[in-house]
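Mind looking at a prediction? Sequence and model below.
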Amino acid sequence: MSVGFIGAGQLTHALVRGLSAAGVLATHKITASSPDTDLPTVHGLRKLGVNVTTSNKETVSKSDVLFLAVKPHIIPFVLDEIGPEIEERHLIVSCAAGVTISSIEKKLSQYRSEPKVMRCMTNTPVVVREGATVYATGTHAQVEDGRLLEQLMASVGFCTEVEEDLIDAVTGLSGSGPAYAFLAVDALSDGGVKMGLPRRLAVRLAAQALLGAAKMLLDSEQHPGQLKDNVCSPGGATIHALHVMESGGFRSLLINAVEASCIRTRELQFLADQEQISPAAIKKTTLDKVLQQPGVTMSGGVGRAGRISIFTQSNPKSKK
Amino acid sequence: MAYGIAKGILSGDVLPVNVKVSAPSPRNFGRFEELGISVTHFNSDVVSGSDLVFVAVKPHLVPEILREISQLVTQKHIIVSVAAGVTLATLELLLPKDSVILRLMPNLPCLLLEGALLFSRGSSAKPEDAALLSSLLQHCGLVEEGPEAWIDVHTGLSGSGVAFVYLFAEALAEGAVKMGMPSSLAHSIAAQTIVGAGKLLRDTGKHPAQLRSDVCTPGGTTIYGLHALEQGGLRAATMSAVESATERARELGQKSAGAGNSN
């Protein structure tokens, strides 16, 4: 069983590192494709022994399980390109935030009658095998496909199946979650530095405190509120600090953050469903290189303020 | 919820032999059997053998359950739905025309017979049916009737309100811990403080503002503490909490009305 990645950016790099460290995949059997071979992640993947190519079609032909690890607005381009190459054995796993299974199935059904599609939301700590992954199964994916994906992703952290409508919330929580933690560690270290600690030590201790707390929580049956209480000796330092945090509305900030990320994910999905992307957004990707590939065209005129239709076969499907 | 209601009913005049419970799984039967209530896996047995039927399943199961029992429901039956967010309109659509239906919203402390229950009558339910339900439930706690529109407010105030009180209790205890009291003692005292204050509020019939003033000696500890609460905007936050929970109850009610009707 071979695994391939469309896209050779952060996500692919993190997944490959994690999966190979877990021993579930041999890197020389992995193919990853990207139009830009100058990316640092591409160098990293090559160092790991991954076969990196500029041809998505090559990745498809050499893989059974195909991860789509490109930015959401690139997905339709990719699907149009690889659609004709998809065969019965292929299991398509999309990691693109906000891209629905039904939109992928709709696209691929133009080429193949029952495409096996799954959708997953993971996060970057897969690179150290402490990822948080959820997946949803598409119409034609079988139970074995779900189990296969779960086995793969469970080797790099926590993995469970969910209903697709929960994936936006997962994105807000554990997809973005590591960023919240990095922010917290950064700020905690600032606090340490302010009170006299050298920076490196402060960062090390802050990160370890978060790591240790998380491990305690995962190992324990107790409510986090109870674990918090256990740390707070009466009149002690910790309870004083917690009061400061409550005064600042720390809890509600975290709630708001998860909500904002979830809502934005939904917005992006809505934009993607509109099937129109502004040229400015596309410029931020390596679309130039994508457009140089055979079979990919652009309507409306380059360089003008016109809209680029991202469905290369003019097929104005009616919106939901 | 069914258990709490059953306990309350048995505290009145109803004998266990006249109460029946159905569920697909025997998981929760034990508690009911301990009360002397007969249990079955067949909803039809409960409906045919009863005059008043509580529908206490999860909201998303209500349509299928009602469709299942609909043919057994006669005009002699009184159907009381305890399902959150399922409107009388939906219930009336799913049951035979002219069925006597009431909608009840209890809350968690029903389990200890200290519940707050609000119910509302469907179009064919008469005052006598309401009186019967009230008398059955009187031992569950405070029982009141109201228009259906108040049920969402009741959910926000008392259904969710219980959680708001727990949050307050946790914060009270943490304040005490900060000031030097061990956590578990602080928590027990916080709980008892709330129970005691609640009882005084309910039983003296005085306005809460009056009771508050009664506790505040001039320049004393309480007024200092209250000032901190006011500065923290606790009142507004609490009102927002009830508002937010009520609005969400309305939203969910509309959503499930759509789902029920589309079947």
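Looks like it arrived, so ask away.

Low-confidence ranges, the chain, go.
As the question left the chain open, I've gone with chain A. A:272, A:274-320 (pLDDT under 70).

could you do chain B instead?
B:259-263.

If we use 50, what do you get?
In the predicted model, chain B carries pLDDT under 50 at residues B:263.

so what's the backbone phi/psi at the residue of it most remote from its centre?
Largest separation from the mean C-alpha position in chain B: B:Gly219, at 40.0 Å (CA atoms, centre = their mean). Here is the backbone geometry of B:Gly219 (degrees, to the nearest 10): phi 70, psi 10.

mind checking which helix or strand A:Leu149 is in?
Per DSSP states H and E, A:Leu149 falls inside helix A:143-154.

Only the buried residues of that helix, if you could.
For helix A:143-154, a neighbour-count test (16 or more other CB atoms under 10 Å in any protein chain shown) marks A:145-146, A:148-150, A:152-154 as buried. Where C-beta positions appear, they are placed from N, C-alpha and C, glycine not excepted.

so after that helix, what's the next helix or strand?
Next element after helix A:143-154 (DSSP H and E): strand A:157-161.

hmm, who's touching that following strand?
For strand A:157-161, contacts defined as CB atoms under 8 Å, 6 or more residues apart in numbering or on different chains pick out A:18, A:122, A:125-126, A:129-137, A:146, A:149-150, A:153.

ok, now with 10 Å
A:18, A:22, A:118, A:120, A:122-123, A:125-137, A:146-147, A:149-154, A:170, A:174, A:218 (CB atoms under 10 Å, 6 or more residues apart in numbering or on different chains).

Among these, name the ones in strands.
A:118, A:120, A:131-137 (DSSP state E).

helices and strands around the helix holding A:Leu149, which ones?
Packing partners of helix A:143-154 (3 or more CB pairs under 10 Å, 6 or more residues apart in numbering or on different chains; DSSP states H and E): helix A:10-21, strand A:65-68, strand A:91-94, strand A:116-121, strand A:131-137, strand A:157-161.

export the ones you listed to CSV and tack on mean neighbour count?
What follows is these, written out as CSV (neighbours: other CB atoms under 10 Å in any protein chain shown):
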stretch, mean neighbour count
helix A:10-21, 22
strand A:65-68, 25
strand A:91-94, 26
strand A:116-121, 24
strand A:131-137, 23
strand A:157-161, 16
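
Kindly report the residues of the stretch 51-200 of chain B close to chain A.
For the stretch 51-200 of chain B, the contact set with chain A under CB under 10 Å from any CB of the partner chain comprises B:166-167, B:170-171, B:173-187.

8 Å instead?
B:170-171, B:174-175, B:177-183, B:186 (CB under 8 Å from any CB of the partner chain).

quick one: which of the residues you listed is most hemmed in?
Using other CB atoms under 10 Å in any protein chain shown as the neighbour test, those are led by B:Val177, with 25 neighbours.

Can you tell me the SS state at that one?
Three-state call for B:Val177 (DSSP: H, G, I helix; E, B strand; the rest coil): helix.

need the contact list for B:Ile78.
Going by CB under 8 Å, 6+ apart, B:Ile78 touches B:51-53, B:100-102, B:125, B:129, B:132-133.

Go again with 7 Å.
B:51-52, B:100, B:102, B:129, B:132 (CB atoms under 7 Å, 6 or more residues apart in numbering or on different chains).

Quick one, which of these are buried?
Among these, those buried by neighbour count (16+ other CB under 10 Å) are B:52, B:100, B:102, B:129, B:132.

Helices - which of those residues land there?
B:129, B:132 (DSSP state H).

can you tell me which of the buried ones among the contacts of B:Ile78 lies nearest to chain A?
B:Leu102 (32.8 Å; CB to the nearest CB).

That closest one contacts B:Gly122, doesn't it?
Yes. Counting by CB atoms under 7 Å, B:Leu102 touches B:Gly122, with 6.2 Å between them.

Look at B:Lys58 and say how many residues are nearby.
9.

follow-up on the earlier one: could you work out the most separated pair of the residues of the stretch 51-200 of chain B next to chain A?
Maximum pairwise distance among these (CB to CB): 17.6 Å, between B:Glu170 and B:Gly180.

Stretch B:83-103: which residues count as buried?
Going by 16+ other CB under 10 Å, stretch B:83-103 has these buried residues: B:83-88, B:90-92, B:94-95, B:99-103.

which SSE is B:Arg67 in?
Using DSSP H and E, B:Arg67 falls in helix B:62-69.

Give the buried residues for that helix.
Applying 16+ other CB under 10 Å to helix B:62-69 flags B:62-63, B:65-66, B:69 as buried.

got it, and stretch A:50-62?
Applying 16+ other CB under 10 Å to stretch A:50-62 flags A:50-54, A:56-57, A:59-60, A:62 as buried.

So which of the residues you listed is the closest to A:Gly249?
Of the buried residues of stretch A:50-62, the one sitting nearest to A:Gly249 (CB to CB) turns out to be A:Val50, at 45.4 Å.

Output stretch B:44-51 in PDB with nothing but the alpha carbons.
Taking Å, rounded to 0.1, in the frame of the first residue of the first chain, the C-alpha atoms of stretch B:44-51 are listed here in PDB:
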ATOM      1  CA  SER B  44     -46.800   0.300  23.000                       C
ATOM      2  CA  ASP B  45     -47.200  -1.400  26.400                       C
ATOM      3  CA  VAL B  46     -46.700   1.900  28.200                       C
ATOM      4  CA  VAL B  47     -49.100   3.700  26.000                       C
ATOM      5  CA  SER B  48     -51.900   1.100  26.000                       C
ATOM      6  CA  GLY B  49     -51.600   0.600  29.700                       C
ATOM      7  CA  SER B  50     -51.500   4.300  30.800                       C
ATOM      8  CA  ASP B  51     -53.700   7.300  30.900                       C
END
